[in-house]
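Enquirer: Sequence and predicted model, in that order:
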Amino acid sequence: MILNLAVTPGEVTTSLIILVMVFVFVRALRSKGRKQPSPPGPWSFPIIGNLLQLGEHPYLTLMEMRKKYGDVFLLKLGMVPVLVVNGMEMVKQVLLKDGEHFAGRPNMHTFSFLAEGKSLSFSVNYGESWKLHKKIASKALRTLSNAEAKSSTCSCLLEEHVTEEVSELVTVFVELSSKNGGFDPRNAITCAVANVVCALCFGKRYDHSDEEFLKIVKTNDDLLKASSAANPADFIPCLRYLPLQIINAPREFYRALNGFIALHVQDHLATYDKDHIRDITDALINVCHNKYAATKTDILNDSEIISTVNDLFGAGFETVSTCLYWSFLYLIHYPEIQAKIQEEIGNMLSNEKYSSYNYHFSY
């Protein structure tokens, strides 16, 4: 007996219509069963939610939705409900007054593989364990910020690293401007910030042409781009099981970056000297050792130390670079502000070559 397994277009269409009708029916039943009414918001399509309605410029669409639905409204990104909060007072209410209720990252696929879900920056779970983790990282940063500089002209080790890199950045800017006139400063800024972060995390700075350094800068940039590109699996969970490049790319970039950081952390664990704190990694190990000596309990294991350094590395990398990009852009468009800042710096420094953390600029 031969079975005819051919499927006609009409049968496919009928199946899809039935599937959508069942989805809408189940959704309607669930809506009726809710005890609390949902916030207002636009009607969403099955599976894809409001993704198509957001358009090419979502921020403009959200502004228009605010006019229609108010400061608090609900929409769906794929199958994930998202509460949108607008207005200073409402944002303060959510982030400050009710901060603990809204703390923690969304339970998304992209966050799940960052440090195996134990990342300090991307933790879904906000609680005592996260608070302790943060406290340890903060104490390590304070330990390093108070570390004595090798140079007598700098007040601390952090200032020394920044001063050294600023000098190199100015040299690069002068060279680029002499060759090309106008130039794009982003690559030079990124390398300068990355070098400061490397010096703080690992006690080492790189030449801007160093292959290992350029590779890690590119990997971090690729990871940020892939993570910020709205991974479809974050909003339509079933897609995470498909072998698609856009879904799996962030994981591969994270593994490469984590491998680089793990090598440095393992080297620090092997050469650690409590009487000679070289950088953030040493400071973090020091805090954990002191806690263990006091409580006889491991606070963070080696993999958690690696993930913490990874968090600090990534956070310092992206935020400072982006802030500097925008600062340069605004100064270019507002030369009168640029002149005012330059005048104040000149008056404050007088005959000195570099600024210091001890200086307090009024503007």
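Expert: Happy to help now that I have it.

Enquirer: Pull out the buried positions in the longest helix anywhere in the chain.
Expert: The single longest helix within the chain, with elements called by DSSP state H, is helix 302-333. Judged by neighbour count (16 or more other CB atoms under 10 Å), helix 302-333 contains these buried residues: 304-314, 316-318, 320-321, 324. For every residue, glycine as well, the C-beta is placed using N, CA and C.

Enquirer: Which strands or helices does that helix pack on?
Expert: helix 128-145, helix 186-202, helix 211-227, helix 245-271, helix 280-295, helix 335-349 (3 or more CB pairs under 8 Å, 6 or more residues apart in numbering; DSSP states H and E).

Enquirer: which residues of this structure score low on pLDDT?
Expert: For the chain, applying pLDDT under 70 flags the ranges 1-36, 113-125, 127-129, 145-146, 149, 151-155, 227-230, 291-300, 350-359, 363.

Enquirer: So for it, the centremost residue is which one?
Expert: Centroid-nearest residue in the chain: residue 315, 5.6 Å away (criterion: CA atoms, centre = their mean).

Enquirer: how much space between it and residue 244?
Expert: Taking CB to CB, to the nearest Å as the criterion, residue 315 is separated from residue 244 by 28 Å.

Enquirer: And residue 180, by the same measure?
Expert: Taking CB to CB, one finds residue 180 at 40 Å from residue 244.

Enquirer: still on that earlier bit, just name the most buried of the helices and strands packed on helix 302-333.
Expert: helix 186-202 (a mean of 22; mean count of other CB atoms under 10 Å).

Enquirer: which other residues reach that helix?
Expert: 144, 158, 161-162, 164-166, 168-169, 172-173, 176, 204-206, 208, 213-214, 216-217, 220-221, 261, 264, 268, 279-281, 309, 312-313, 316-317, 320-321, 324-325, 328 (CB atoms under 8 Å, 6 or more residues apart in numbering).

Enquirer: hang on, the earlier thing: could you dump the helices and strands packed on helix 302-333 into JSON lines with distance to residue 65 added?
Expert: Output for the helices and strands packed on helix 302-333, formatted as JSON lines (distance: least, CB to CB, whole Å):
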{"stretch": "helix 128-145", "distance to residue 65": "32"}
{"stretch": "helix 186-202", "distance to residue 65": "33"}
{"stretch": "helix 211-227", "distance to residue 65": "25"}
{"stretch": "helix 245-271", "distance to residue 65": "27"}
{"stretch": "helix 280-295", "distance to residue 65": "42"}
{"stretch": "helix 335-349", "distance to residue 65": "34"}
